[in-house]
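J.: how would this look folded up:
(one chain, ligands or ions: 1)
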Amino acid sequence: MLNVKNPLKDEDLLASPEPCILVIYGASGDLTHKKLMPAIYNLSVDGQLQPNFVCVGFARRDKTNESFREEMKLCIEKFSRSDVHEYELALFLERLFYYNGDFQDSNAYSELDVYLKNLDAQFGTKGNRIFYLSVQPSSYLTIIENLTLHNLIYNKEDDRRFSRVIIEKPFGKDYDSAVYLKNQLLKSLREDQIYRIDHYLGKETVQNILIFRFSNPIFENIWNNNCIDNIQITVAETIGIEERGNFYEKAGLLRDIIQNHLMQLLSLITMEQPTSLDPNAIRDEKVKILESILPYNEEMIDKWTRRGQYKDGFIEGESVCGYRDENNVSSTSNVETFAAMRIEINNSRWHGMPIYIRAGKRLPKRCTEIAVTFKHNKNNLFTNKKGKNCNEPNSIIFRIQPNEGISIKFNSKTPRSSKILTPVNMDFQYDNYFGKEIPEAYERLIYDAMLGDTTLFARADESLYSWKLITPILNKWAFTTLKENEFYRAGTWGTKESDLLLENESRQWKRV
Ligand code: BG6
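T.: Residues are numbered from 1 along each chain as shown. Below you'll find the predicted structure:
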C-alpha cells in the first residue's frame, strides 16, 4: 500500500479561533471526563487553542480549582487518544477553573458573570463565551433562561463579542417536544448561536463523504437509482446500554441512534451537491433529503420497519445479560435495542430505490458502515461451467469506523482461467495513507464551535424533519408489546425478521 504523508502543512488545514471562555455545565459528568476534557487537551497539544483560551467547569459539587484540575488530570491521562506529556498537561491545567454553583439558582448566574469578567481581564478572553450544556436535556431551558436573564448571552448581531451554546442530543423526545424546544431556545438565541452536537458529524470519515462524492466526478454520474441497486447503512455496537438503563428506558434505539446519527449519514450519502460550502447551503441540501423521505403510514410501519430487544448471549466469548436484566430496566420493558428500516427518498435521483438501515446494541461487531451496491450486470459473457453468471455487483463501502476507509469492489480475472472472475477490493485506509491518528469527533466539534462554524452541527429543521419521520414509528412501537420474534440473542445480527425485510425483496444484508 502506498504510504503518502499528508502533503499539507497544519497551518494550511486550520483557521485560528478567537479567544474565548468555554463554560461546561455538567463538569462532573461522564461526558466531560471521557470526551470533552481529553478533546480539549488534544486541541491544546495540537496547537489549536488560543493562548487566551480558558475553560470553566460549572457544577454543584464542592470543589476547588486545584481539586478540579487534579480530577481532570486523571481523566485526561486515562482517556486521551494521544500520549500525555507531563509538561504540556501542566500548562493545559493552568487554564482550567472550577465554578461551584447550582444551575437552578439565579444568584449563581450573576456571580458567574462577575467571575467570567475577571477571567476576561486576566486572560484577554474579550467577553467571548461558549456555554456547553452537558446536562440532562430537561435542564436546557432553565440554564438558557438564566443565562439570558443575566446578560450572559448576547444575541445582538452587531455585538463584537460572541456567545454560543452547545447542546447535546436528544433535542426533544418526539416531533412535538422538539418543536417546543426549538421555539423556546429561539426566544433567547439566534439559530446561528445554537450548536446541536451530533458527534457523528465530527468524525473524519463522515466529513469525507461529501468530499468523496463531490470532488470525484467519476462517481457523480452513477450516483442514482439508474445505477445503484440499494444502499445499506449499519451502525452496530457490541456494547449494551452500559450504566444508562434510566436513559435507555425513556429513549430506545430509534431516538438514541436513528433519529440523529443514522439520519445524518443517510442525508450525506444521498444529498445533492450544495451551491457552496456555506454551512447553510450544506444543511439546506440535507434538509431537502429528509423532507423527501416517504413518510411512514401504519401499513408501511408494518411492512418496512422491524425492531428487536436483546436477550442474554455472548459477546466476544463473554456471557452477557439480556436487556430486561440490565440495571434500572423494567423486567417487562418494551424498549427496542435494535431497529431495521427500509427507506425511500421521493426525488428524481432516488425514487424507488431502497435504502436499508439497521442499528443495534449487543451485535457481534462494533462497526459503522455505508454500503452502496450497484446494479448487477446481467450480461452473460462471463459464466461458469453451469452457465451461471459469475460476476458480482460492484459496491463501494464507506467504513466509518473502525478501520476507517473506503473500498471499491470490482471483478477481476482469476489468473490462468479465461472466464472465472473473482471479486476484489481496491482499498483505501486512512491510517495507511495519512499515517496520522484521526482526531476524535469532539475535538473537531469544539474547535468548530470556537471558530463559529456551524457546518458540522445539526440545524433545527434537520432535527425536526427527522423527528417527523420517526414519530409515527415511536408511537406505534410504544403501544405494541414486543412479540417473541422481536427478541434476538446478544452477539447475533438482530432478529430473523430484519433479515426477512430484505429477503422479501430478494436482497440480503451486506456482511460487515
Ligand atoms: C451515542 C449514543 O450518541 O452514540 C450511544 O447515545 C452510542 O448509545 C454512541 O453508544 C455511539 O457512538 P460511537 O461514536 O461509539 O459510534
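J.: next up, the contacts around the residue in the stretch 151-300 of the chain positioned nearest to the ligand.
T.: Closest to the ligand within the stretch 151-300 of the chain is residue 256: 4.8 Å, counting by Cβ to the nearest ligand atom. Any C-beta I mention is one placed from the backbone N, CA and C, and that applies to glycine too. By Cβ atoms under 8 Å, 6 or more residues apart in numbering, the contact set of residue 256 is 170, 248.
J.: apply 6 Å and report the result again.
T.: The contact partners of residue 256, by Cβ atoms under 6 Å, 6 or more residues apart in numbering, come to none.
J.: on the three-state scheme, it is what?
T.: Assigned by DSSP: H, G, I helix; E, B strand; the rest coil, the conformation of residue 256 is helix.
J.: against residue 250, how distant is it?
T.: Plainly put, residue 256 is 10 Å away from residue 250 if you go by Cβ to Cβ, to the nearest Å.
J.: quick one: neighbours of the residue nearest to residue 124 when sequence neighbours are not counted, just the number.
T.: The shortest distance from residue 124 to any non-neighbouring residue, by Cβ to Cβ, 6 or more residues apart in numbering, is to residue 52 (4.4 Å). Other residues near residue 52 come to 18 when the count uses other Cβ atoms under 10 Å.
J.: phi first, then psi, for residue 52.
T.: Residue 52 has phi and psi values of phi -100, psi 60 when expressed as degrees, to the nearest 10.
J.: residues from the stretch 51-200 of the chain in reach of the ligand?
T.: Within the stretch 51-200 of the chain, no position is adjacent to the ligand by Cβ under 6 Å from any ligand atom.
J.: for the stretch 51-200 of the chain, what spans make up the strands?
T.: 53-59, 96-100, 129-133, 163-168, 194-197 (DSSP state E, counting those that start in this stretch).
J.: any residues touching the third one, and which ones?
T.: Around strand 129-133, the neighbours that count as contacts under Cβ under 6 Å, 6+ apart are 20-25, 140, 143, 163-167, 449.
J.: surely residue 109 and residue 150 touch.
T.: Yes. With contacts counted by Cβ atoms under 6 Å, residue 109 reaches residue 150, the gap being 4.0 Å.
J.: quick one: which of the two has more around it?
T.: Set residue 109 next to residue 150 and count neighbours by other Cβ under 10 Å: residue 109 wins out with 20 against 16.
J.: check contacts around that one.
T.: Applying Cβ under 6 Å, 6+ apart, the residues near residue 109 are 146, 150.
J.: try it again with 8 Å
T.: Counting by Cβ under 8 Å, 6+ apart, the residues that residue 109 touches are 101, 146-147, 149-150, 152.
J.: and the furthest pair within these?
T.: The distance between the two most remote of those (Cβ to Cβ) is 14.6 Å, for 101 and 149.
J.: so for the two, which sits in the more crowded spot?
T.: Counting neighbours by other Cβ under 10 Å for residue 101 and for residue 149 shows that residue 101 has the greater number, 17 against 13.
J.: my guess is that one contacts residue 113, does it?
T.: No. Using Cβ atoms under 8 Å, residue 101 is not in contact with residue 113, being 11.5 Å away.
J.: give the residue spans of the protein that score low on pLDDT.
T.: Across the chain, the ranges flagged by pLDDT under 70 are 1-14, 379-380, 383-390.
J.: got the residues of it near the ligand?
T.: So the chain meets the ligand at 237, 256, 368 (Cβ under 6 Å from any ligand atom).
J.: 8 Å - rerun?
T.: For the chain, the contact set with the ligand under Cβ under 8 Å from any ligand atom comprises 169, 198-200, 203, 235, 237, 239, 241-242, 244, 247-248, 251, 256-257, 260-261, 361, 366, 368, 401, 441.
J.: give me the subset of those residues lying in strands.
T.: Judged by DSSP state E, the subset of those located in strands is 235, 368, 401.
J.: for the last one, what are its contacts?
T.: Contacts were defined as Cβ under 8 Å, 6+ apart; by that measure residue 401 touches 203, 205, 366-368.
J.: how much space between the residue nearest the centre of the chain and residue 244?
T.: Nearest residue to the geometric centre of the chain (Cα atoms, centre = their mean): residue 200, 2.2 Å. Counting by Cβ to Cβ, the separation of residue 200 from residue 244 is 18 Å.
J.: same deal with residue 504?
T.: According to Cβ to Cβ, residue 504 stands 34 Å off from residue 244.
J.: pick out whichever of those two has more residues nearby.
T.: residue 244 (16 against 10).
J.: thinking again about what came up before, could you single out the nearest of the ones in strands among the residues of the chain next to the ligand to residue 180?
T.: Taking Cβ to Cβ as the measure, residue 180 lies nearest residue 235 of those, at 27.7 Å.
J.: rewinding a little: which one of the contacts of residue 401 has the most neighbours?
T.: Busiest of these [other Cβ under 10 Å] is residue 368, holding 25 neighbours.
J.: for it, which non-adjacent residue is spatially closest?
T.: residue 400 (3.9 Å).
J.: quick one: contacts for the one you found?
T.: Applying Cβ under 8 Å, 6+ apart to residue 400 gives the contacts 200, 203, 205-206, 265, 368-370.
J.: who is the residue of the stretch 301-450 of the chain found nearest the ligand paired with across the strands?
T.: Residue nearest to the ligand within the stretch 301-450 of the chain (Cβ to the nearest ligand atom): residue 368, separated by 5.9 Å. Beta-bridge pairing of residue 368, defined through DSSP bridges, involves residue 235, residue 401.
J.: ok, now how distant is it from residue 235?
T.: On the measure of Cβ to Cβ, residue 368 and residue 235 end up 5 Å apart.
J.: with residue 462 instead?
T.: From residue 462 to residue 235 the distance is 18 Å (Cβ to Cβ).
J.: likewise residue 378?
T.: 32 Å.
J.: compare those two (neighbour count), which wins?
T.: residue 235 (24 against 7).
J.: all helices for the stretch 101-250 of the chain, in order.
T.: 106-123, 140-149, 175-188, 204-215, 217-220, 245-253 (DSSP state H, counting those that start in this stretch).
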